[in-house]
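Trainee: Just to be clear, the model below is a prediction. Sequence and coordinates:
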Amino acid sequence: MDVKTQSASMPAASTDLAPEQKPESLLSFLWFLAKLLIAVLLFRSFVFSPFSIPSESMLPRLWNGDYLLAAKWPYGYSSNSLPFDAPLIPGRILASQPERGDTVIFKHPVDKTDYIKRVIGLPGDTVAMVDGQIVLNGEPVQREPLGDFQIPLSVNTSCNWGGNETVNAAGEPVCNYRRFRETLPGGASYEVLDFGNTPADNIRPKIIPEGHMFVLGDNRDNSRDSRFEARAGDAVGIVPQELLVGKASVIMWSTDGSAEWVKPWTWFTAARWNRIGSQL
């Protein structure tokens, strides 16, 4: 008896091979970098931009060694808003005037470097100073004494001529300065330092021209501001608002200057952790 065996049908083997994965080309990688660069430039130009504090002219609020972010939109945009001051924006667009008490970043009227000060007077205001007290539109600005401001001494922080060098409870060297609170019309309130009577504590009334602003450093006896004539690398004079860059917003990093690149652990010990994230 013949027995017929039925073989199970087997699926035909596929002859199609998965397409070979092409390695990423150099051109596509460069295009990715270009898009990333464009995104960073747009962010820095129109949203936030980083700035560093290289001096003690804005003590007690800002310390030498602080790194902050400045909001770029509050006062509008101009070529001063762009990296390398690229002349791509004619004049100022979406322009807005700062408010008294704002901490602003602007270009120096002469040498175009970045400066940071506090706005005190606006167009039409009359600003004077008598024995260290601001007189705004004929009215003395409220100024009340506070307890001394104490700051630790470090590579980034010295004890200026008006300070008193002591040690704190932990035995660390610190510097103490006379501190006051000023309150401007409109309610803006902030702390200032005053080392004592100096010639710059008395200035004759100045009328702020249209489109300008009168600015001061919070560290009154260690600031070259609108009380002095504008000079390259020195005082700023009465500043044109067209030179505004942004408004100081938040401290993103702060260091006492003791970090060394060859000692990575000092990157952390040098950080002033309690200042990071402080809003301005």
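Mentor: That came through, no problem.
Trainee: Identify the residues contacting the closest residue to Val110 other than its chain neighbours.
Mentor: Closest residue to Val110 apart from its sequence neighbours, by C-beta to C-beta, 6 or more residues apart in numbering: Ala232 at 4.4 Å. Just so you know, the C-beta spots here come from the backbone N, C-alpha and C atoms, and that holds for glycine as well. Contacts were defined as C-beta atoms under 8 Å, 6 or more residues apart in numbering; by that measure Ala232 touches 108, 110-111.
Trainee: go on, Ser278?
Mentor: 250-251.
Trainee: mind running it again at 6 Å?
Mentor: The contact partners of Ser278, by C-beta atoms under 6 Å, 6 or more residues apart in numbering, come to Ile251.
Trainee: How many neighbouring residues does Arg100 have?
Mentor: Close neighbours of Arg100, defined as other C-beta atoms under 10 Å, add up to 19.
Trainee: Quick check: it touching Glu182?
Mentor: No. Using C-beta atoms under 6 Å, Arg100 is not in contact with Glu182; the gap is 10.6 Å.
Trainee: any idea which helix is longest in this protein?
Mentor: When the chain is parsed with DSSP state H, its longest helix is helix 26-46.
Trainee: can you tell me which residues contact His212?
Mentor: By C-beta under 6 Å, 6+ apart, the neighbours of His212 are 238, 240.
Trainee: One more: Asp114?
Mentor: Per C-beta under 6 Å, 6+ apart, neighbours of Asp114: Ile105.
Trainee: what bridges to it?
Mentor: Bridge pairing for Asp114 (DSSP bridges) gives the partners Lys107.
Trainee: now it: how far from Val104?
Mentor: Asp114 sits 11 Å away from Val104 when distances are taken as C-beta to C-beta, to the nearest Å.
Trainee: Also Leu36?
Mentor: Going from Leu36 to Val104 by C-beta to C-beta gives 30 Å.
Trainee: For the helix or strand Phe268 falls within, name the packing helices and strands.
Mentor: In this assignment (DSSP states H and E), Phe268 forms part of helix 266-269. Helix 266-269 sits against no helix or strand, with contacts defined as 3 or more C-beta pairs under 6 Å, 6 or more residues apart in numbering; DSSP states H and E.
Trainee: Just the C-alphas of stretch 185-192, formatted as PDB.
Mentor: Output in PDB follows, covering the C-alpha atoms of stretch 185-192 (Å, rounded to 0.1, in the frame of the first residue of the first chain):
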ATOM      1  CA  PRO A 185       8.200 107.500  45.300                       C
ATOM      2  CA  GLY A 186       6.100 104.600  44.000                       C
ATOM      3  CA  GLY A 187       7.300 102.200  46.700                       C
ATOM      4  CA  ALA A 188      10.500 100.700  45.300                       C
ATOM      5  CA  SER A 189      12.600  99.900  48.400                       C
ATOM      6  CA  TYR A 190      16.200  98.600  48.500                       C
ATOM      7  CA  GLU A 191      19.300  98.700  50.700                       C
ATOM      8  CA  VAL A 192      22.400 100.900  50.200                       C
END
